[in-house]
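Enquirer: fold the stuff below for me.
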Amino acid sequence: MLKNIPTHLLAGPLGAGKTSLIHHLLAQRPVDERWAVLINEFGAIGLDAALLSTDDDGIALGEVAGGCLCCVNGLPFQVGLSRLLRKAKPDRLLIEPSGLGHPLELLRQLREPPWAGVLAVQPLVMVLDGAALAADVRLPDSQQDALQSAGLLLLNKVEQLDATTKARIQTHLPARPLRWTSQAALALADLPGFGVPVAAVALGEADEADEAIAAGAGLDGLPRASATMPQIWRTAEEPICQIQAQPEGWSIGWRWHPSQTFELLRVQQWLASLDWRRAKLVLQTNAGWLSGNALDSQPIHWQRSEWRNDSRLELIFREAQDASHLQAGLQACRL
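Expert: Below you'll find the predicted structure:
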């Protein structure tokens, strides 16, 4: 049976650096441990899972897309987490909730049945954008409320901040353990709860979480998340498109066949013409496979990407947009 798996909830607002933190932690994974990562995204495209994709046999990835984990009846979350645990039988679990989510509500769910006894939930890690706080950008209420309960405040993107600015930021934060970081680089030993012994895992076909959920209904009978991404393209030139509308925002995402290539300059110009809240993408371009992300219509920070399965792009807006106009704009960026 799966028991007392050390579980780390890595929360924070959009663009603070949660995925970067996970990259750093995965790079430090002890070779004798199996880790699992559950990623939740507001949009339905599942882009973080693509960006974190790895060939490492000791790391398993799962995702729940299409809304924050605690706002979708709990059922897609329970299904996604149960399947990930059954597949990976991990020694340690990392969970990255949506930047538009509610960390305290998710913590509550993780400490209740069917997860009580299966997961050993460690102190919450809140990843914050230090540069945004320095500019007096207000945290969403759901993120602000979670600060007091955090086991660690990770102040990221602080390369340009002087000591005076850091001191001013700290006066507005609760008295919690704090680290100042660049690119969310955190030593594994500084992760709250890292010293907790890893899980005792048996390699049976079913785990305790599955049995607890299945007591009410079989896994196959549980409803799937409404925004599950289709897997097959009708033609190579036509993308799979998903739209997600919730009170927290509106998103649109595309998944393109790997044969399609985009002109990088056109993509940059098109993105610069839009007033989005968050952009994430991994694209095959005339400059190679690139990934990038940015906040509030700022220039994209591009990086080389190991992902080759398909091209993906997702935009989050504060209000609903003309989807056909956006689709036409992206189509025009293809070579």
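
Enquirer: I'd say Leu152 and Pro177 touch.
Expert: Yes. Using C-beta atoms under 8 Å, Leu152 is in contact with Pro177, at 5.0 Å. In this view, the C-beta of every residue, glycine as well, is placed from N, C-alpha and C.

Enquirer: the more surrounded of the two?
Expert: For Leu152 and Pro177, the more surrounded residue by other C-beta atoms under 10 Å is Leu152, and the numbers stand at 21 against 13.

Enquirer: so the more buried one is in which element?
Expert: If you go by DSSP states H and E, Leu152 is part of strand 150-156.

Enquirer: now that strand: mean pLDDT?
Expert: Mean pLDDT, strand 150-156: 96.

Enquirer: rewinding a little: overlap in contacts, Leu152 and Pro177.
Expert: Jointly contacting Leu152 and Pro177 under the rule C-beta atoms under 8 Å, 6 or more residues apart in numbering are Pro192.

Enquirer: quick revisit: now the next helix or strand after the strand holding Leu152: how far from the chain's centre is it?
Expert: Using DSSP H and E, the helix or strand that follows strand 150-156 in sequence is helix 163-171. The chain centre lies 28 Å from the centre of helix 163-171; the measure is C-alpha atoms, centre = their mean, to the nearest Å.

Enquirer: tell me which residues of helix 163-171 are tucked away?
Expert: Buried residues in helix 163-171, defined by neighbour count with 16 or more other C-beta atoms under 10 Å: Thr165, Lys166, Ile169.

Enquirer: mind listing what the first one touches?
Expert: For Thr165, the set of contacting residues under the criterion of C-beta under 8 Å, 6+ apart consists of Ala134.

Enquirer: run the last query once more with 10 Å
Expert: Gly130, Ala131, Leu133, Ala134, Ala135, Val158 (C-beta atoms under 10 Å, 6 or more residues apart in numbering).

Enquirer: among those residues, which one lies nearest to Gln269?
Expert: Taking C-beta to C-beta as the measure, Gln269 lies nearest Ala131 of the contacts of Thr165, at 25.3 Å.

Enquirer: do I have it right that Asp91 meets Ala120?
Expert: No. When contacts are counted by C-beta atoms under 10 Å, Asp91 is not listed as touching Ala120 (11.3 Å).

Enquirer: give me the domain ranges for the chain.
Expert: What the record gives for the chain is the domain set 5-219, 240-331, from automatic domain parsing.
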